[in-house]
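Enquirer: Fold the stuff below for me.
(chains A and B)
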Amino acid sequence: MKPAKFEYHKPETLDEALTLLAEYGDEARVIAGGQSLVPMMNIRLARPDHLIDINGIDDLSQIRLENGSVAIGALVRHREIEHSAQLAQACPPLPAAACNIGHYALRARGTIGGSLALADPAAEFPLMATLLDAEFVARSGAGERSVPSHEFFVSVFTTALEPEEILTAVRFRTLAQSEGWGFRWFSRRVGDYALVNAAAIVALKDEGRIHRIAMVLGGVGATPVRLTGLEQESVGAEASAGWVREISSAAAARVEPGGDKHASAEYRRELVELLLAGALEDAIDRCRGRQAA
Amino acid sequence: MSGVKPEDTARDGFDQIGKPVPRKEDARLLRGKGTYLDDIEVPGALHACFVRSPYAHARITGFDLDEAKAAPGVVAVVTGHEVNDWTNALKMAPPIEGLQPTEMTTLPVDKARFHGDPVACVVATDRYLAEDAAELVYVEYDLLDAVTSYDAALADGAPLVDETLPSNLVSHQKFEAGDIARRKAEAYRVVEAAFAMQRMTHLPIETRGCIALWDDGRAHLTMHIGSQAPHPMRSMLAGRLRLAEHQVTVASPDVGGAFGQKIIVYREEITVAALACRLKRPVRWREDRLENLSASLQARENAVKTLAAVARDGRILSLEAEITEDFGAYCFYPANYLARVIGMILTGPYRIQDYAFEVKIALTNKCGAGPMRAPMAITSLVMDGTLDAVARELDIDPAEVRRVNMVRPSDLPYVMPTGEKLEDVTPSECFERGLEEIGYAAFRDAQEADRDNGIYRGLGMCNVIESTTYGSAFYKAAGIPGSGHEAAWVKIEPSGAIRASAGLMGTGQSYETPYAQAVAEGLGVDPAQVDVVLGNTDISPYGMGARGSRGATAGGGTLFLAALDLKAKMLDIAAALLGLNSPSELELRGGQVLRHVGGAWSETGLGLGDIARTAYMDPLKLPEGMEPGLEMHRAWDPPQMTYSNSTHFCAVTLDAATGRVDIDRYLIVEDCGTVLNPLVVEGQQQGATVMGIGGVLFEHMVYDESGQNLCGTLADYMIPTACEAPEIEIVSQNTPNRRTPAGIKGMAEGGIMGAIGAVNNAVNDALRPFGVVAERQPLSPDYIRSLLRVTG
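Expert: As a prediction, the model looks like this:
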């Protein structure tokens, strides 16, 4: 279980890294926390000729609160997100997601940029990026561009990043005072990828009707699935227990999860219904709590 | 000399045996100062890497090794065509009725029989280059249909896994005692039940591996290899390599777990050793995790169906069991080896005399199976699960069904229908104590109330009779080749320094500490003074090794006997030095010779150091005719079996919506006789129970229909972590065994047996309102939901 031969580069600046990427293109892989890439290299499922280690680059490790959004540098570790007081205030779903990733050692090393660039469809951060309308900042020698989450995740382990691009930061929208959120998952053991996960944000207006809503599911397709159609249908609905049941069962009917050795498609569909209902209940409760406060 | 007899060594109280002495090996193991295989530096060692079949079943039609041989750093690339010429095949043909003889060459040349079968070996100057070159070995295959289940293997026209056999049914035995037909005719009802365990693997933290050093001048092979049984391994290695045993040293460094995976010598290790001898250069091999998961040794995957003829009160009149097992592609062990014990002790602590079983073992295109900690694991689940089935069908309380069938204290010694004798066991005492501790009646009331609120709790009970130690008489009676004896020596050096050794090798469970206690008890010294050396066949005496929960009884017991004999010699010397006619008034305690005079013990001024010095340096002062020196060797063959017993209680909550099982409470009452070290025993109880829970809820080695192994990583093969391990309450009882030194019994596997039964029975108890029964493991949420879905 040894990786195939590769050349290791450790640039000190982003420009140096981009120059290396421009030179080696798809023969290179960027390594940050290495929590997924290294195991894949060891079983030779990943065989980059060049490994560009960005851990020495400054400026990629900040969490910056901006107006209505928060920009998180690609090198920010899961542990920092888990324990960030400003995120707990401005965007609580992110710490909630981070503390659920793997185990302590993995969270100390793994990075948000790495997790998003890996694009595992059951992972926490892709789910949250899809929920929170994230903007992905991609840099190359040619400049910088911003990719919205619905374009960023292309398929399983596949993103819109070009071979010469580095994901430098991700911008998530923060939660408004009127919004409540929920995040539910099911995994067989603590720290495993969820079989299915679900997250929701709800804002209510007069007499408890849905004003704004976002719903996303993970583990049911090649990318996190934003339930855009159901979101639109939900606006104006009364956020009752009955509505939660209805919308969750509608979501379960619409998704097309796959089956594997960990869970059958049928079981995943059952989890969608349960977890989405739980996430919506939590979101509505938090929303009402905030309104009461 | 004959020495002290084991049955004369039981005592009410011991000085050192039974003390919670902290594990002395932890000082090195927990501080990173252990020496595992990879810590051994061998300058110039070559690295081996195996090329493995990507197919479950395929004819090998050709090899192209040229490109690999030309790759950077490559020293040799070999296949079975060379290695099989250098080595003997493994013949598995014990004279057992119904067992097909098999033979396995060191590497296959005609066909690959499972996904992961080693077909070639690359040796290079480092492991990276060896793996690079392994990718350049081209093997031409003609795909064959694979048989990947027990049923498929025995279907008409099934492809043959081993083409020298008439069918894939590699072993078939029957047993009957009493009069089943008559009991069934008398019965109130005949209750059917079914149980199945999935394929698993041992998963030691440290995978297999070895370093082979060939000394061409002395024509001697030193094999560094983690081994539970260094001496039998040396004998096997020598035989396969066509060397005499004195030409081979097996040296086991610290071992990071084994669980039964490191008893025999495998094909990879023989290949590596043969290459070292041929190349006359050191060769090392470290199995990687993917290989360990797919090609090391696997276990379980057995199923048992029972028919219990019962009376109206739940009493079992007769029991029939049909045992089947998927043994995988190769016989690394006699195929009947594991299932035989299941049949033998299935009736456990219950009074059943009319009993029959049939065992059928099939070969399939999967990794070969062998013993894994508690090879008979399914027995307690089957027996107590059958009792639960009886309770369900007759609507009797499951505790009551156990009570009416259980062996009572007045029944002891109780001879099981297979001839196994239960003595010095306390099943009903442990069970009743467990019912009390768990608050049985209160639980049932609360369970009923919770069900009305949609909360589904279950209580599982499992009474375990654990077969341990396995003396030679067992092997003879079971028709399994092997011996059960163990050997030990204790030496006191001229300065008084104490060393001891036995043939067994520990793999992390702590042998050095309890062994030091056994020796210290026997000698009358402090355990801290005793250095225990294990694992090197040049140093250790020839013993049968660590397996079958025999570490304490066979290893500790034999050491205790050797130490007692050595103490007797020392007291003879002391008597001579003190001018006494006999040592009858003398005793050694704390390293000092004490004399019993006037009703009290008083110091004599003589110490162990004085005796040692005399024994070595002043032999003229020894009693007449006594040999100089202080060295004692003992070999001891334990009784056929020493049985421990326990009762496990597990309370669960079942989430009907997700199928998830949460363990709310776990309680064990266990009687494992005289305990050498309660800390070590508790570690074994906790570890075994968690391993059992892992089997019930998580672990599953999955193969697809074409025989592809789908569990190549630890993200695929799930074991419980600390987060999934419940708190385990343990109540100890200690009934000494009358036939063993100090009354010791074995105990390292019962936790698995109990957990597999208790957790499964608890889930079925929780499922009761739904009218469904889980009949196979693991009890994954998906599987539980599939049962509940049917009920709507």
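
Enquirer: Apart from its chain neighbours, what residue comes closest to A:N42?
Expert: A:M1 (4.8 Å; C-beta to C-beta, 6 or more residues apart in numbering or on different chains). All C-beta atoms are positioned from the backbone trio N, CA, C, and that covers glycine.

Enquirer: Tell me how many other residues surround the one you found.
Expert: Counted with other C-beta atoms under 10 Å in any protein chain shown, residues neighbouring A:M1 total 18.

Enquirer: list the contacts for it?
Expert: By C-beta atoms under 8 Å, 6 or more residues apart in numbering or on different chains, the residues touching A:M1 are A:42-43, B:131, B:288-290.

Enquirer: ok, which residues in the stretch 551-700 of chain B are in contact with chain A?
Expert: Contact residues, the stretch 551-700 of chain B versus chain A (C-beta under 8 Å from any C-beta of the partner chain): B:657-660, B:697-698, B:700.

Enquirer: can you tell me which two in these are farthest apart?
Expert: Across these, the longest distance by C-beta to C-beta is 22.5 Å; it joins B:A657 and B:H700.

Enquirer: How about residues contacting the helix or strand harbouring A:L65?
Expert: Assessed by DSSP states H and E, A:L65 sits inside strand A:63-66. Residues outside strand A:63-66 that contact it (C-beta under 8 Å, 6+ apart): A:70-73, A:76, A:80-81, A:84, A:86-87, A:90, A:171, A:174.

Enquirer: can you rerun that using 6 Å?
Expert: Where contact means C-beta atoms under 6 Å, 6 or more residues apart in numbering or on different chains, the residues beyond strand A:63-66 that reach it are A:71-72, A:84, A:86, A:90.

Enquirer: cool, stretch B:72-92 as well?
Expert: So stretch B:72-92 is contacted by B:46, B:63, B:65, B:68-69, B:102-109, B:120-125, B:129, B:133, B:240-241, B:270-271, B:274, B:331, B:334 (C-beta under 6 Å, 6+ apart).

Enquirer: that older thread, now the contacts of A:M1 in JSON lines, please, with extra columns for secondary structure and neighbour count.
Expert: Shown next, in JSON lines, are those (DSSP: H, G, I helix; E, B strand; the rest coil; neighbours: other C-beta atoms under 10 Å in any protein chain shown):
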{"residue": "A:N42", "secondary structure": "helix", "neighbour count": "17"}
{"residue": "A:I43", "secondary structure": "coil", "neighbour count": "15"}
{"residue": "B:E131", "secondary structure": "helix", "neighbour count": "19"}
{"residue": "B:D288", "secondary structure": "coil", "neighbour count": "18"}
{"residue": "B:R289", "secondary structure": "helix", "neighbour count": "18"}
{"residue": "B:L290", "secondary structure": "helix", "neighbour count": "18"}
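
Enquirer: May I ask which of these comes out lowest in pLDDT?
Expert: Minimum pLDDT across those is recorded for A:I43, with 91.

Enquirer: Show the backbone phi and psi for that one.
Expert: Torsion angles at A:I43 (phi, psi; degrees, to the nearest 10) stand at phi -100, psi 10.

Enquirer: Tell me the one of the residues of the stretch 551-700 of chain B next to chain A nearest B:A153?
Expert: B:H700 (19.4 Å).

Enquirer: ok, now which ones touch the closest residue to the closest one other than its chain neighbours?
Expert: Leaving aside its sequence neighbours, B:H700 sits nearest to B:Q198 (C-beta to C-beta, 6+ apart; 4.8 Å). Counting by C-beta under 6 Å, 6+ apart, B:Q198 touches B:700, B:777-778.

Enquirer: any idea which of those residues has the most stuff around it?
Expert: Counting neighbours by other C-beta under 10 Å, the top entry in those is B:Q777, with 25 neighbours.

Enquirer: Assign a three-state SS to B:F195, would you?
Expert: Secondary structure state of B:F195, per DSSP: H, G, I helix; E, B strand; the rest coil, is strand.

Enquirer: wait, isn't it in contact with B:K305?
Expert: No: checked against C-beta atoms under 6 Å, the pair B:F195 and B:K305 is beyond contact range at 7.7 Å.

Enquirer: Those two: who's more crowded?
Expert: B:F195 (26 against 18).

Enquirer: beta partners for the more buried one?
Expert: Note on B:F195: beta-bridge partners B:V304, judged by DSSP bridges.

Enquirer: quick one: it and chain A, what's the gap?
Expert: According to C-beta to the nearest C-beta, to the nearest Å, B:F195 and chain A sit 22 Å apart.

Enquirer: can you check B:E82 too?
Expert: Counting by C-beta to the nearest C-beta - B:E82 and chain A are separated by 25 Å.

Enquirer: Ok, B:V21 next?
Expert: 32 Å.

Enquirer: how many other residues sit next to that residue?
Expert: 21.

Enquirer: which SS state does it fall under?
Expert: coil.

Enquirer: ok, now which ones touch it?
Expert: Neighbour list for B:V21: B:513, B:517, B:527, B:677 [criterion: C-beta under 6 Å, 6+ apart].
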